[in-house]
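>>> Okay, here's the prediction I keep looking at, along with the sequence it came from:
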There are 2 protein chains.
Amino acid sequence: MLYLNEQHMEKIISLDEIIHAIEVAFKIYESKDFHMPDRMHVDRPEGTILYMPCFVEKYSCTKIVSTFPGNIKLDLDSVQGTMILNDSKTGEPLAIMDGAALTAYRTGAVGGVGVKYTSKKDSKRVGLVGTGVQGFYQLLYACEVRPIEEIYLYDLSKSRAEKLKDKLKDKLDDIVVTITNSSEELARKSEIIITATPSEYPVLPNDKALLNGKHIIAIGSYKYKMREIPEAFYSLLDEIYVDTELAAEESGDLLVPIEKGWIKKHQIKAFSSLLTKGTEINKSKSSSLYKSVGMALFDLMVAKTIYEQALKKGIGLKL
Amino acid sequence: MLYLNEQHMEKIISLDEIIHAIEVAFKIYESKDFHMPDRMHVDRPEGTILYMPCFVEKYSCTKIVSTFPGNIKLDLDSVQGTMILNDSKTGEPLAIMDGAALTAYRTGAVGGVGVKYTSKKDSKRVGLVGTGVQGFYQLLYACEVRPIEEIYLYDLSKSRAEKLKDKLKDKLDDIVVTITNSSEELARKSEIIITATPSEYPVLPNDKALLNGKHIIAIGSYKYKMREIPEAFYSLLDEIYVDTELAAEESGDLLVPIEKGWIKKHQIKAFSSLLTKGTEINKSKSSSLYKSVGMALFDLMVAKTIYEQALKKGIGLKL
């Protein structure tokens, strides 16, 4: 059995391999050649623990992730996690990985795949609303798939935005990073807008003219009560792409618009079917919305890639 | 985070500390000062995967165990598992342990606690029906709590019984081990009888006179279709002790007798309440039945003990 911590994984990860793993996951999702039981969750006074199992031909996995908001006060990450990768034919554990790091990479890459297929190919300006850990990875992958020259950041906490700006300097030093004073300013300046917040109210202005032609990647909302996207934007869309059909049952960014009649259910399309058909979504110059809630199949395919690369490169701790 | 494989655990384990951990678990069970969500399970063509979470004051855990019977053909253990021990307040993973080894120890110790409190203190002869991996640990713990001089083994597969006899020689070399030709012979010669089989039919003769005065520890049945104990034995019992109340909802050794009217539901007693009250069950010279199906709280308390001992003794791999 192999153990891979964040440092090991960092060494192994190549952004384009992870993006490729996500593309493969989308193809498997479309082929239905996998078994993904419903997420199981346990609610505790401190927060929630999720169990996310998935099974494909050779591998299976369980990601256990806890989100305990109170950890912040203890100067600890609120998200803690463990990924167990198994041989799906025998149940043998093959690898243990840092589940929080894995989640960050795969969510970044799922967003990146969204950017790759729904935004204009020559997009140079990306804006990020919500500058937490997840935002960092979203930008990393967005910059991998588009010739980004300028990044705009907006957050309710300016110090959090400053922190991310510093972190980005190390990783993406040839890109100009600007903290905007409002989400309106951010939206005006950006071609691609990524929202990665836990907000319960739209984080962008409800302004059709302002949002027209924008490509939005919405990552934050995974519950009915969570919303990031304003009503006006929906009227600009013919179709909405979701990473998994579950999104339409879970996210307030889809449930509320359906309820209110801003969109019809049939406008929601599985992104996997478009990817598999090879439809070039990004040829369109019109507005687009890509909504991601994530699924264990992504974790499994990313973990498989990391594991196989680790074996090849001799990285990790043999247990 | 600490990693503990079977060899590490073997070094740390002291039988009486594990027995003590199980006694503490029973006390916590009685106090209700724990949170144990229902086991979750995933069914696959190869077998079943169980997720067993549990939470107490300082620690929480998830044991993931798969049972894939086809592994035997590949010369692999059918039971594979991983135990993840966490800080219950923050969700941080503290230790990863071999889940199959942990299951073997804790199930052995739960049986051992049953022997300790339900059999006569001077019992010298123990019989084991079903000589698989679990049988070995059952005997180890039985011999720890009683002055056993003779062990009797019975199995449908004589070669399996021979293998266990050899294995016992290394561990318990001052005890005489005899393979019997029938379960009748085994029952006649033994004061304590442990059944650890996956049988769907009683594994002991349906003979009231033969079974009178015997102390049975029944480990095998955890489904409605599984049964080890014959009808005649129930008529000898005033009370039946179960390790968890779930046993009466899961095991054919309780469900069928209730259905058929051999016992009344009120005769089934939580062993924890007896242990907590300090009732000396084993003063009685009459027959007794202790039925165990296991629970995650046992795993958690044993994992906690192993983890704390590992830290103290500096054993294990720091990850």
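In hand now; what should we look at? Since we're looking at a predicted model, the values are computed, not measured. Numbering: from 1, shown residues only, chains lettered A, B, ... in the order given.

>>> would you say residue A:221 is within a strand?
No - counting by DSSP: H, G, I helix; E, B strand; the rest coil, residue A:221 is located in no strand; its state is coil.

>>> Quick check: phi and psi on it?
Phi and psi for residue A:221, reported as degrees, to the nearest 10, are phi -80, psi 120.

>>> tell me the contacts of the residue of the stretch 101-250 of chain A found nearest chain B?
Residue nearest to chain B within the stretch 101-250 of chain A: residue A:101 (12.4 Å; CB to the nearest CB). Where C-beta positions appear, they are placed from N, C-alpha and C, glycine not excepted. Residues in contact with residue A:101 (CB atoms under 8 Å, 6 or more residues apart in numbering or on different chains) are A:5, A:6, A:9, A:10.

>>> wait, the second one sits on residue A:99?
The reference is to residue A:6. No - using CB atoms under 8 Å, residue A:6 is not in contact with residue A:99, being 10.3 Å away.

>>> Per-residue confidence at the residue of the stretch 201-319 of chain A found nearest chain B, what does it come out as?
For the stretch 201-319 of chain A, the residue closest to chain B is residue A:319, as judged by CB to the nearest CB, at 5.5 Å. Predicted confidence (pLDDT) for residue A:319: 90.

>>> So it is in contact with residue A:95, correct?
No - checked against CB under 8 Å, the pair residue A:319 and residue A:95 is beyond contact range at 9.0 Å.

>>> For these two, list the residues in contact with both.
A:1, A:2, A:3.

>>> Dump the residues you listed into TSV; add secondary structure as well.
Listed next are the shared contacts of residue A:319 and residue A:95 as TSV, based on three-state DSSP:
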residue	secondary structure
A:1	coil
A:2	strand
A:3	strand
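
>>> If you count surrounding residues, which of residue A:319 and residue A:95 has more?
More neighbours surround residue A:95 than the other of residue A:319 and residue A:95, with 23 against 16 (other CB atoms under 10 Å in any protein chain shown).

>>> For the closest residue to residue A:157 other than its chain neighbours, which residues are in contact?
Excluding the flanking residues, the one nearest residue A:157 by CB to CB, 6 or more residues apart in numbering or on different chains is residue A:131, at 7.9 Å. Each residue near residue A:131 by CB under 8 Å, 6+ apart is listed here: A:153, A:154, A:155, A:157, A:160, A:161, A:163, A:164.

>>> For stretch A:86-104, measure first residue to last.
Chord length of stretch A:86-104, first to last residue, is 21 Å (CA to CA, to the nearest Å).

>>> How about stretch A:237-253?
Using CA to CA, the span of stretch A:237-253 from its first residue to its last is 14 Å.

>>> And that stretch, how far out from the chain middle?
Centroid displacement of stretch A:237-253 relative to its chain, using CA atoms, centre = their mean, to the nearest Å, is 13 Å.

>>> same deal with stretch A:63-70?
17 Å.

>>> re the thing from before, among the contacts of residue A:101, which are in helices?
Of the contacts of residue A:101, the ones assigned to helices by DSSP state H are A:6, A:9, A:10.

>>> Excluding chain neighbours, what is closest to residue A:137?
Spatial nearest neighbour of residue A:137, excluding adjacent residues (CB to CB, 6+ apart): residue A:108 at 2.9 Å.

>>> Likewise for residue A:310?
Nearest non-adjacent residue to residue A:310 (CB to CB, 6+ apart): residue A:316, at 4.5 Å.

>>> The one you found touches residue A:2, doesn't it?
Yes - the pair residue A:316 / residue A:2 is scored as a contact, 4.5 Å apart, by CB under 8 Å.

>>> what residue lies at the spatial centre of chain A?
Note on chain A: the residue nearest the mean C-alpha position is residue A:107, at 3.1 Å, using CA atoms, centre = their mean.

>>> which ones are touching it?
Listed by CB under 8 Å, 6+ apart, the contact partners of residue A:107 are A:134, A:137, A:138, A:219, A:292, A:294, A:298.

>>> Please apply the same query to residue A:235.
Going by CB under 8 Å, 6+ apart, the list of residues near residue A:235 reads A:208, A:262.

>>> And residue A:197, by the same measure?
A:129, A:130, A:132, A:203, A:220, A:228.

>>> so which one among these has the lowest pLDDT?
Lowest pLDDT of the contacts of residue A:197: residue A:132, 90.

>>> from the ones in helices among the contacts of residue A:101, which are also near chain B?
Near chain B, judged by CB under 8 Å from any CB of the partner chain, there are no entries from the ones in helices among the contacts of residue A:101.

>>> Check the residues you listed for burial and list the buried ones.
Buried members of those, counted by 16 or more other CB atoms under 10 Å in any protein chain shown: residue A:9.

>>> Among the ones in helices among the contacts of residue A:101, which one sits closest to residue B:88?
Of all those, residue B:88 sits closest to residue A:6, with 22.7 Å by CB to CB.

>>> Can you say which helix or strand has the nearest residue to the closest one once chain neighbours are set aside in it?
By the measure of CB to CB, 6+ apart, the closest residue to residue A:6 outside its immediate chain neighbours is residue A:101, 4.2 Å from it. For residue A:101, the enclosing helix or strand under DSSP states H and E is helix A:99-118.

>>> following that helix, which helix or strand comes up?
strand A:125-129.

>>> Give the next helix or strand downstream of that following strand.
Downstream of strand A:125-129, the next assigned helix or strand under DSSP H and E is helix A:133-145.

>>> Determine the set of other helices and strands touching that following helix.
Here helix A:133-145 touches helix A:15-31, helix A:99-118, strand A:125-129, strand A:150-154, helix A:158-171, strand A:192-195, going by 3 or more CB pairs under 8 Å, 6 or more residues apart in numbering or on different chains; DSSP states H and E.

>>> Can you pull the poorly scored residue ranges out of chain A?
Within chain A, the ranges that satisfy pLDDT under 70 run A:278-285.

>>> Domain-wise, how is it divided?
Split into domains by automatic domain parsing, chain A comes to A:2-103+A:297-318, A:111-294.

>>> With respect to residue B:307, which of the ones you listed lies nearest?
domain A:2-103+A:297-318 (15.0 Å).

>>> Go ahead and measure how far the closest one is from the middle of the chain.
14 Å.

>>> Stretch A:128-148 now?
Relative to its chain's centre, stretch A:128-148 lies at 10 Å (CA atoms, centre = their mean).

>>> Report the buried residues of that stretch.
Quick answer for stretch A:128-148 (16+ other CB under 10 Å): A:128-146, A:148.

>>> got it, and stretch A:305-319?
Buried-residue list, stretch A:305-319, by 16+ other CB under 10 Å: A:305, A:306, A:307, A:309, A:310, A:315, A:316, A:317, A:319.

>>> Stretch A:68-80 now?
Neighbour-count burial for stretch A:68-80, with 16+ other CB under 10 Å as criterion, is recorded at A:68, A:71, A:76, A:77, A:78, A:79, A:80.

>>> ok, residues contacting stretch A:61-72?
Against stretch A:61-72 from outside (CB under 8 Å, 6+ apart): A:44, A:46-54, A:77-86, A:99-100, A:102-103, A:296, A:299-300, A:303, B:51, B:62, B:64, B:84, B:86, B:89-91.

>>> Out of those residues, list just those in helices.
The members of the contacts of stretch A:61-72 that map onto helices under DSSP H are A:99, A:100, A:102, A:103, A:296, A:299, A:300, A:303.

>>> Would you list the buried entries among those residues?
Listed as buried from the ones in helices among the contacts of stretch A:61-72 are A:99, A:100, A:102, A:103, A:296, A:299, A:300, A:303; burial here means 16+ other CB under 10 Å.

>>> list the contacts for the fourth one?
So the one you mean is residue A:103. A:63, A:65, A:79, A:81, A:294, A:299.

>>> mind redoing it with 7 Å?
By CB atoms under 7 Å, 6 or more residues apart in numbering or on different chains, residue A:103 lies in contact with A:65, A:79, A:81.
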